[in-house]
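[1] need the 3D shape of this:
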Amino acid sequence: MKNKTLNSPIKLAIAIPVYNQAATIAEAIQSTLDQSTKIDEVIVSDNWSTDGTYEIIQGFRDKVKVVKPPAHVSMAENWNFAVSCASADWVGMCSGDDALLSNYSETVKAAIAKEPESVFLMGGWINFSTNRKKVSNHYLLSVPATLSGKEAVKKLLEGPKASFAVYCFKKSAFCEAGGFNEKFKLICDWILQIELAQLGKILCVNKLLARYRVDERPALNQSRQKQWVLDELNYLEKYIWAVAKNVNLEDAIVVSIGRKRIRVLFERLMNCDANFKYEIAGRLRSVAARYDRMQECNRVLSGSWRLPVHATLANLIRAKIHLIAGLCK
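    The predicted structure follows:
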């Protein structure tokens, strides 16, 4: 594919942190090279894979920058290491099992050029399955084109809006925010969005820019349920309140957000064993009391809780809206 140059000084890097994704890494890397507008720098950080991933990456060494942390590290640490190796003004993230669409670089650079004070960009993506069949299109229907100030923080405290497949930030703001918070093992990408919202404008590009592979490693996802619960607990116990204080968000708003967010925690917890529920019962009850969810909490701990009907219907309606939006494009 022939590359064309934009009249813009913006330099864009893509960081691909990877660990044991031999089946998909070549497609991910190739997608960064098959762009209508050239990506200025591609960094692949292999976290000491053991399945042949590193050997596959070597085949791209003349086209991308291949790096390794000093030793095998956590997911968030590898993400931070990958970004630290980038020299561009802006950095986009791409997982080793996802892929960028060919319009990614051109669209991102154009959007940033129009809003030079922005610090973070998110966009739409295609969910696709292991056999590469499209599952659904995901547009940012509930997010305005730009977000800033207290309203941006409030919106992002409600839950993650960006997919890691379309996740791009100004590197100077990333450094000011402290990078990916390694205290949160699995939701550090969402936490960074919240931190960046406190530093500048958030851009929302309502175009499909990447493909996000769903259910690529179901066994891994299941094994992570406990850590997701612990991350959500940390978020509800302390983090959301610290951010609210920083941006002068009213307690009533925080409680309202927390009441919705705790249901995500409950859903995750229903996939965990009884011993784990017993271990965290004290923390869970304390959080539930703070957000007035004790009745539901007790049902969760007894194993009798179910997602409320209205919430289930809302999820179904949301999926239908995304389907219709995709057909209208």
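[2] list phi and psi for the closest residue to Thr50 other than its chain neighbours.
    Leaving aside its sequence neighbours, Thr50 sits nearest to Asn20 (C-beta to C-beta, 6 or more residues apart in numbering; 6.3 Å). Where you see a C-beta, it was placed from the backbone N, CA and C, and this is true even at glycine. The phi and psi values for Asn20, taken as degrees, to the nearest 10, are phi 50, psi 60.
[3] count the residues that sit near Asn20.
    Each residue near Asn20 was counted by other C-beta atoms under 10 Å, and the total is 18.
[4] what sits against it?
    Residues counted as contacts of Asn20 (C-beta atoms under 8 Å, 6 or more residues apart in numbering) are Ser49, Thr50, Asp51, Thr53.
[5] next one: the last one from Asn20, what distance?
    Computed with C-beta to C-beta, to the nearest Å, the distance linking Thr53 and Asn20 is 6 Å.
[6] next step: the contacts of Asn20 restricted to helices.
    Among the contacts of Asn20, the members falling in helices (DSSP state H) are Thr53.
[7] what is the nearest of the contacts of Asn20 to Ala165?
    Thr53 (18.7 Å; C-beta to C-beta).
[8] for Ile112, which non-adjacent residue is closest in space?
    Here the residue nearest Ile112, using C-beta to C-beta, 6+ apart, is Ile10, at 5.4 Å.
[9] check Ile29 too.
    Counting by C-beta to C-beta, 6+ apart, Phe60 is the residue found nearest to Ile29 once chain neighbours are left out, at 5.1 Å.
[10] cool, Cys168 as well?
    In space, Cys168 is closest to Gly92, 3.9 Å off (C-beta to C-beta, 6+ apart).
[11] then Lys65?
    That would be Ile43: by C-beta to C-beta, 6+ apart, it lies 4.7 Å from Lys65.
[12] show me the strands in the stretch 51-200 of the chain, by range?
    For the stretch 51-200 of the chain, the strands defined by DSSP state E, counting those that start in this stretch occupy 65-67, 90-93, 99-100, 118-128, 134-138, 146-147, 167-170.
[13] using a markdown table, lay out those together with mean neighbour count, distance to Ile187 and mean pLDDT.
    Formatted as a markdown table, the strands of the stretch 51-200 of the chain follow (neighbours: other C-beta atoms under 10 Å; distance: least, C-beta to C-beta, whole Å; pLDDT from 0 to 100):
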| stretch | mean neighbour count | distance to Ile187 | mean pLDDT |
| --- | --- | --- | --- |
| strand 65-67 | 17 | 25 | 98 |
| strand 90-93 | 25 | 14 | 98 |
| strand 99-100 | 24 | 23 | 96 |
| strand 118-128 | 23 | 16 | 95 |
| strand 134-138 | 15 | 18 | 87 |
| strand 146-147 | 18 | 19 | 94 |
| strand 167-170 | 25 | 13 | 98 |
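[14] and the chain, what are its domains?
    What the record gives for the chain is the domain set 12-216, 219-310, from automatic domain parsing.
[15] Ser45 is in contact with Val18, correct?
    Yes - contact status for Val18 versus Ser45: in contact at 6.9 Å, counting by C-beta atoms under 8 Å.
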